[in-house]
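*Asks:* Predicted model, plus sequence, below.
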Amino acid sequence: MTKENYTAQVLQYIPVFYIIWSDDLLSASEINVVDNAISEDSTLSNDDKKQLKGWMNVKNPPKNELFKFWKQLIINSNVKLVEHETYPLTAFSQKVASHYHNNILFNDQIKKIEINLGIQPNHYNHLFEVHIDLEKKSSQYSAQAIDSILKGEHAKVIDSFRSVLNDPIFSWEVRRNKEEFRNHVLKQVEFLADKGYGAMAYPNDYGGTNDMEGYATIFENMMWVDGSLAIKFGVQFGLFGGSIQKLGTKKHHDHYLTATGKAELLGCFAMTETGHGSNVRGIKTTATYNKKTETIVIHTPGKNDNKEYIGNAIHSKMASVFAQLIINGKNEGVHAILVPLRNEQHELLPGIKVEDNGYKLGLNGVDNGKIWFNQVEVPKENLLNKYGTILGNGEYYSEIKNPNKRFFTMLGTLVGGRICVARAGLGGAKYALTVAIKHALKRRQFNDSVKIQEDLLMDYPSHQLRLTPLVASAYVYHVTLDKMMALYCDETLPDKRQIETQVAGLKSIITWYANDTIQECREACGGKGYLLENRIADLKGDVDIFTTFEGDNNVLLQLAAKGVLSDFKAEFNSAGFSTVLKLLSSQLSDKLSTINPLYTNKTDKDHLYNPKFHIHAFEHRTKRLTYTIAMRIRGYIKKGIPSYQAFLKVQTHLMTLGKAYSAELAYKSFIAHTNTITDPEYKELFEKLGTLYALQEIRKDASWYLEQGYISGTKSKAIRQRVERLCTELRPHLDSLVDGFGIPDHLMTAPITN
């Protein structure tokens, strides 16, 4: 068999056919794309079309001998595939045909095949022994344009903040002495406060711009400087200052908020106790009102009832202390009281004991400590009394009569902190991904021929599969957290319980994602990722704690799940469990519709890439888990098992529901945002990222979907293959996508990225 067997027009299609038949994903819809292109190709004779269509029978694919001949034709042409050309496959096919037949024109029908089938240049690496002119990225998408989409309406604030971070005080270096590290971070915090960023979320009257949404966006950017900066900044202005702003009244704002925003008054947020971590309502520290002296006495009753792991404990002059408020012998529940810790000479005040927590796995630039109170007396005015106050006659009063509702209303005001923690974790993941991908776009290893250059790490399908879905998730979570903060700041939504539920779940899955991503990036960089200079090592240590502070993820997932169960209408505590069941009683008899067998086996590209399929899959999982968990709880209750014990028996089920609900929420948020992108080219890119996120999430839960009969084994395999295909399609754009995170060059200091 020789080249004379093919006309010049047929020869152009040989690379295309070689690729599509080397891919097990050839489906009916893809065959239809090729068939239409051939039919509409006016350069082909009827004999040409007949020959080409003869190679399109799925039941009788081309023989191996023909494959080998096609491959040899391509190799003998000595044509190089140029990755950064606009339509690399079409141009490559044109050049191969031109080698054997002169002056072959660019074929628009082959271009249509290339576009509609999503065939990307790195498909060729494992198929041909052809040298490829490799460039780091495609020029199709502008990183600046992508960054603008992510910044949205906060572009001015973010760009200004990134410029501020160019000051030498934010230069990164290895710091291993905790005292020196802490003092340096304190100077950075004071520097930002001087620029007005500390008070950013506060009202104008107190030096701020009332921009909580902007505050959350700069939180992520601070992670690119150092994790310790982000956390210390958050403790000072978000937790301590935020407790004054959200739980206090005007007298507290007037007295403390301006000084807090300027970092003139350094404070800490003393909630967690050694003996009580996530169970805030069970804390033991007491705040007993003395009617005669009109003072509140703060006391640590036992050795393990101290405040634990309190950020800013060493530098603070004041603490926002959460304690059981006792008035006239009655416990009115947990309230926050401002308690001075040190005098102007920074000496501890009488009755105050503070111990340094010492060195930690990460965040050693944050001064965490333990605090004990021994009959410390403060004026009753120090009670942050927005939701509960002490009247002039010494009686307690709150407009929220229900103690449970009052407690959760207090905690709900601090949901913004959980959003910021998730943003910080996401910032760490973005930094690690940028390091790992830029490294993989320059690092080469292995090839089966000593005559040609080694392959780039990023051109290995396994490397694409380990990193590309993580990039897609970063985009999805960025958009989702922006939406959550907008809802949290929406004054027309005074009841924040639904948002608290949503944030609880999202904080969990995103901080777990961040830790998994940083670890994957460390491994993807090999030994280079283990070096401190490349920043991933510190990110691992810093972000690790995000899974357990501002709420342990396992506990928060149960909070999210109970929110789903109760339709956000019942308090999430043992006394409210029966209420949860009553709200669901009318739904328990409803049966989920039987999935159509045709649906479970549907594997074509159009279906698997359709957001309607993704949403249906996510909703089905959430609804099914909700239904079955409710049925289990009802069954236990009927057997006489107390409601609290019934919920303990389904604890792991609750966590699974929390994850499912959060993934559904994230995807829907991203799709809604993508639909607002006006540029069709960038909208298509974001749609592809959303598709990869959705299919990867379904793939991770494939065992559940298979058990439920929602998908068949064939469909599960097709989803896995489509995930791999999407990773390959996004490969040329990875450099643009990580640059689109917007990390400034002066902060991207890892040597392996240059």
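*Replies:* Received it, and whenever you're ready, just let me know what you need.
*Asks:* Quick check: W21 vs V58, distance?
*Replies:* Distance, W21 to V58, using Cβ to Cβ, to the nearest Å: 10 Å. C-betas here are computed from N, CA, C, even on glycine.
*Asks:* Those two: who's more crowded?
*Replies:* Using other Cβ atoms under 10 Å, the more surrounded residue of W21 and V58 is W21, with 17 against 10.
*Asks:* helix, strand or coil for that one?
*Replies:* Counting by DSSP: H, G, I helix; E, B strand; the rest coil, the backbone at W21 sits in helix.
*Asks:* hey, which helix or strand in this protein has the poorest pLDDT?
*Replies:* Lowest on mean pLDDT, DSSP states H and E among the helices and strands of the chain sits strand 132-133, with a mean of 48.
*Asks:* Tell me the pLDDT of L583.
*Replies:* What the model reports for L583 is a pLDDT of 49.
*Asks:* low-scoring pLDDT stretches of the stretch 101-250 of the chain, where are they?
*Replies:* Scanning the stretch 101-250 of the chain for pLDDT under 70 picks out 118, 120-138.
*Asks:* switch the cut-off to 80
*Replies:* Filtered on pLDDT under 80, the stretch 101-250 of the chain yields the residue ranges 103, 115-139.
*Asks:* Ok, the stretch 451-600 of the chain next?
*Replies:* In the stretch 451-600 of the chain, residues with pLDDT under 80: 451-455, 494-497, 566-599.
*Asks:* in it, which spans are helices?
*Replies:* Under the criterion DSSP state H, counting those that start in this stretch, the stretch 451-600 of the chain contains helices at 461-488, 497-524, 536-544, 553-565, 577-584, 597-600.
*Asks:* Does the fourth one pack against any helices or strands, and if so which?
*Replies:* For helix 553-565, the helices and strands in contact under the criterion 3 or more Cβ pairs under 8 Å, 6 or more residues apart in numbering; DSSP states H and E are helix 497-524, helix 577-584, helix 611-638, helix 651-674.
*Asks:* Deepest in the core, which of those is it.
*Replies:* Highest mean neighbour count among the helices and strands packed on helix 553-565 (mean count of other Cβ atoms under 10 Å): helix 497-524, with a mean of 24.
*Asks:* relative to helix 553-565, how tilted is that helix?
*Replies:* Inter-element angle recorded for helix 497-524 and helix 553-565: 140 degrees (by axes from the mean of the first three to the mean of the last three Cα atoms, to 10 degrees).
*Asks:* Tell me the gap between helix 497-524 and the middle of its chain.
*Replies:* Its chain's average C-alpha position is 5 Å from that of helix 497-524, according to Cα atoms, centre = their mean, to the nearest Å.
*Asks:* just checking, A429 touches W512?
*Replies:* No: using Cβ atoms under 8 Å, A429 is not in contact with W512, being 10.6 Å away.
*Asks:* where along the chain do the strands fall?
*Replies:* 81-82, 132-133, 267-270, 286-290, 295-299, 307-310, 318-327, 330-340, 352-356, 369-373, 376-379, 389-390, 396-397 (DSSP state E).
*Asks:* Single out the most deeply packed of these.
*Replies:* Of all the strands of the chain, strand 267-270 carries the top mean neighbour count, a mean of 30, counting by mean count of other Cβ under 10 Å.
*Asks:* Kindly reformat the helices of the stretch 451-600 of the chain as a markdown table containing distance to T295.
*Replies:* Below are those laid out as a markdown table (distance: least, Cβ to Cβ, whole Å):
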| stretch | distance to T295 |
| --- | --- |
| helix 461-488 | 35 |
| helix 497-524 | 33 |
| helix 536-544 | 40 |
| helix 553-565 | 35 |
| helix 577-584 | 39 |
| helix 597-600 | 68 |
